[in-house]
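Student: Structure of the sequence below:
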Amino acid sequence: MTTNSPVLNYYNIADGVTAFSTTRHGGCSKGNYAALNVNEYCGDSSADVKSNRALLCSALGLGAERLIMPHQTHGIEIRHVGEDFFALPGDIKKMLLDGVDGVMTDLPGTCVSVSTADCIPVLLYDEEHHAVCAVHAGWRGTVRRIVQKALTDMRAAFHTTPSKVKAVIGPGISLKNFEVGDEVYDEFAAGG
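Tutor: Numbering: from 1, shown residues only. Here you go, the predicted model:
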């Protein structure tokens, strides 16, 4: 393993599915983004992000174009990625992923992903229809029921039965390290 090799935490969600969370270990980003930052929307050097994505894709055995990461806005928009997505020009793909907090697909060899820090990543897997959805569940999306919306969207796209879906809840910030204000409590108490 080279010093730049990504260190990933794997989750056993189903045979034939590689579910994981990246860590900060590996990669080449510097400063606040050190070291394995694959999010192009946070202000890191675009060259470092591109290198980090290449390292990640190499570790996963994927082409870089098969790594799908949206520009999240703490909303509840879910994007379905089909094979036709990959034939689109780069600027159109980027536009289609702007303002998106969940990405779903049933295409083998495609990595749908979200970026989190204090928010929670949720991976949903429909084993019957071989469909997956990566969800960015921050407090704003959670109060607006983004995971429920993802399941509804998966049902419409893939005929997913929600009771048959497996889920992995990835790492996020802890109560010990993060305190929310009254405005967050009030939103949840009001039911969104």
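
Student: Now the most centrally placed residue in the chain: closest residue in space that isn't a chain neighbour?
Tutor: In the chain, the residue lying closest to the centroid (C-alpha atoms, centre = their mean) is residue 114, at 1.9 Å. Closest residue to residue 114 apart from its sequence neighbours, by C-beta to C-beta, 6 or more residues apart in numbering: residue 136 at 3.9 Å. Backbone N, C-alpha and C define where each C-beta goes, glycine included.

Student: Same check on residue 187?
Tutor: Per C-beta to C-beta, 6+ apart, closest to residue 187 is residue 143, 4.9 Å.

Student: Give me the phi and psi for that neighbour.
Tutor: Main-chain torsions, residue 143, degrees, to the nearest 10: phi -70, psi -30.

Student: returning to that earlier point: would you check that the residue nearest to the centre of the chain makes contact with residue 101?
Tutor: Yes. Here residue 114 reaches residue 101: they are 7.1 Å apart, a contact under C-beta atoms under 8 Å.

Student: Can you work out which residues contact both of the two?
Tutor: Shared contacts of residue 114 and residue 101 (C-beta atoms under 8 Å, 6 or more residues apart in numbering): 70, 72, 135-136.

Student: ok, those residues vs residue 153, which is closest?
Tutor: The closest of these to residue 153 turns out to be residue 135 (C-beta to C-beta; 10.2 Å).
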